[in-house]
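S.K.: when you get a sec, could you give me coordinates for this:
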Amino acid sequence: MKLKHRPADFLVVERLRPGLVGEQGPHTVYRIEKEGLSTHESVMRIAREAGVRTEAVRVCGLKDRRARAVQHVSIEQGARLSIAEAGLSVRTIGKSTAPASSGWIEANEFTVVARDLAPEEVEALGRNLRDVREHGLPNFFDDQRFGAARAGKGWPMAEFLRGNVEEALRLLVATPGRNDPPEVAARKAFFRENWGRFDLCAPRAVGWHERGVFAHLALRPGDFRGALRFVPRAERLIQALAFQSWIWNRCVDRLVAGIVAPPRTGSLPAELGPLRFWRTPDEEERSRLDAVVLPLVGRGEAESSAREVVAEALREEKLDAARVGGRGLRGFELRAEPRAFVLRPDRLDAGDPGPDEDHPGRFALPLTMSLPRGAYATLVAKRLLA
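M.R.: Prediction:
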């Protein structure tokens, strides 16, 4: 199966809760249509056009580069904007009394085309569609959440929580990733080779964030926490969420293994390791799955029915609840949040399979669904065709 084979194959549209955008309020709200750009890249373009810093642009959700997406952002006292260029369209849609946030999203609406399907995958669809509609699936985070780790750059957030602030910073600014453009990879390799000689690194730095990191370290060589503040807040947040999501996935996998008998489980492919799911759980198993309360780990009180499973996952990372619940830098800390353990897609449907013109002898299949914020249509598609 191939997803996102063409840009037009994957469309996600944010559906906002009613009444948030109107004619009054200090925050200007914008509707973005993007293709081939990450949310962060879109935000940087909007910030330049609006004459504000990137951090001033508040987003509802993060959307993958390899997709078409309709999403929303806000800027306090922002000017009216209209951008129409290749891959990006932005228009002003109104005002709000509060900045955009993830809580604005009522649901994400997806239209997906799965390609390169074998006959047995198409045959499995009918059975799996009934199963997912009735029993749902584990609400895992999918590969998109773990870009830096998949690119070989590790878990900066884990190093920070362990107290290895220098290593966290080195992973962020001086570790080439497999997907970095050649000039970026070469620059980061130079920083790594010359780590500690920050006066040599500073002239090679590009952009005010990198220049800020190395200028700070040249003046205060041991103040890695201070230098970390120059890493863009959006990047720190992405890294924090990625590690938090990694712990969640490991806990979910353990819980499914402990509740559902092996003959009624399967596994979905994922770049950081397979993800266990259930097939038609019996009545007792379904009751136990529905009873699981598993918040995202972090600072703050959150009800949980799986504390020992979480503690075990953290011990494997040489961490404990006290460390992950500590205060960090703004945007570089974990906050406890509720998350549904069982994902039940709404408006889940599949169209008729047809020949895939891009893969002779194989099939293409359209899928539609409505998912709560933070859930992954790619995961649902994998499960439907497993």
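S.K.: quick one: the strands in the stretch 151-300 of the chain?
M.R.: 265-268, 275-278 (DSSP state E, counting those that start in this stretch).
S.K.: what's the offset of the one helix or strand in the chain whose mean pLDDT sits lowest from the middle of its chain?
M.R.: Ranking every helix and strand in the chain by mean pLDDT, DSSP states H and E puts helix 147-150 at the bottom, with a mean of 86. Counting by C-alpha atoms, centre = their mean, to the nearest Å, helix 147-150 is centred 11 Å from the centre of its parent chain.
S.K.: just checking, what packs against that helix?
M.R.: Judged by 3 or more C-beta pairs under 8 Å, 6 or more residues apart in numbering; DSSP states H and E, the packing partners of helix 147-150 are helix 233-259. All C-beta spots, glycine's among them, are computed from the backbone N, C-alpha and C.
S.K.: hmm, back to that, for the strands of the stretch 151-300 of the chain, state which one has the densest average packing.
M.R.: strand 275-278 (a mean of 23; mean count of other C-beta atoms under 10 Å).
S.K.: output that one as PDB, nothing but the C-alphas.
M.R.: In PDB, the C-alpha atoms belonging to strand 275-278 read as follows (Å, rounded to 0.1, in the frame of the first residue of the first chain):
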ATOM      1  CA  LEU A 275       2.200  -1.300  16.200                       C
ATOM      2  CA  ARG A 276       0.000  -3.900  17.700                       C
ATOM      3  CA  PHE A 277      -3.800  -3.800  17.100                       C
ATOM      4  CA  TRP A 278      -6.800  -6.000  17.900                       C
END
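S.K.: strands paired with that strand, and their directions?
M.R.: strand 265-268 (antiparallel) (DSSP bridges).
S.K.: distance from the strand it pairs with to the middle of the chain?
M.R.: Worked out by C-alpha atoms, centre = their mean, strand 265-268 lies 22 Å from the chain centre.
S.K.: for it, which outside residues touch it?
M.R.: 140, 256-257, 274-279, 379, 382-383, 386 (C-beta atoms under 8 Å, 6 or more residues apart in numbering).
S.K.: longest strand of this protein?
M.R.: strand 105-117 (DSSP state E).
S.K.: so who does Gly331 touch?
M.R.: Listed by C-beta under 8 Å, 6+ apart, the contact partners of Gly331 are 233-234, 236-237, 240.
S.K.: gap between the spatially most central residue of the chain and Ala336?
M.R.: Nearest to the geometric centre of the chain sits Arg145, at 3.5 Å (C-alpha atoms, centre = their mean). Arg145 is 18 Å from Ala336, where distance means C-beta to C-beta, to the nearest Å.
S.K.: re the thing from before, lowest-confidence one in the contacts of strand 265-268?
M.R.: By pLDDT, Ala386 ranks lowest within the contacts of strand 265-268, coming in at 92.
S.K.: just give the nearest non-adjacent residue to Glu337, would you?
M.R.: Of all residues not flanking Glu337 in the chain, Leu296 sits nearest, at 4.7 Å (C-beta to C-beta, 6 or more residues apart in numbering).
S.K.: how close does the one you found get to Ala98?
M.R.: With C-beta to C-beta as the criterion, Leu296 and Ala98 are 23 Å apart.
S.K.: the two: who's more crowded?
M.R.: Leu296 (21 against 14; other C-beta atoms under 10 Å).
S.K.: quick one: contacts for the more buried one?
M.R.: 244-245, 248, 302, 334-339.
S.K.: ok so, going back, so after the longest strand of the chain, what's the next helix or strand?
M.R.: helix 119-135 (DSSP states H and E).
S.K.: got the angle for that next one vs strand 105-117?
M.R.: 160 degrees (axes from the mean of the first three to the mean of the last three C-alpha atoms, to 10 degrees).
S.K.: by contact count, what packs against helix 119-135?
M.R.: strand 346-350, strand 363-371, helix 377-384.
S.K.: buried set for it?
M.R.: 121-122, 124-125, 128-129, 131-132, 135 (16 or more other C-beta atoms under 10 Å).
S.K.: for stretch 220-228, same thing?
M.R.: Buried-residue list, stretch 220-228, by 16+ other C-beta under 10 Å: 224, 227-228.
S.K.: re the thing from before, in this structure the residue nearest to the centre of the chain contacts Phe243, no?
M.R.: No - applying C-beta atoms under 8 Å as the test, Arg145 and Phe243 come out as separate, 10.0 Å apart.
S.K.: which elements pack onto the longest strand of the chain?
M.R.: strand 10-16, strand 363-371, helix 377-384.
S.K.: quick check: mean pLDDT of that strand?
M.R.: When pLDDT is averaged over strand 105-117, the result is 96.
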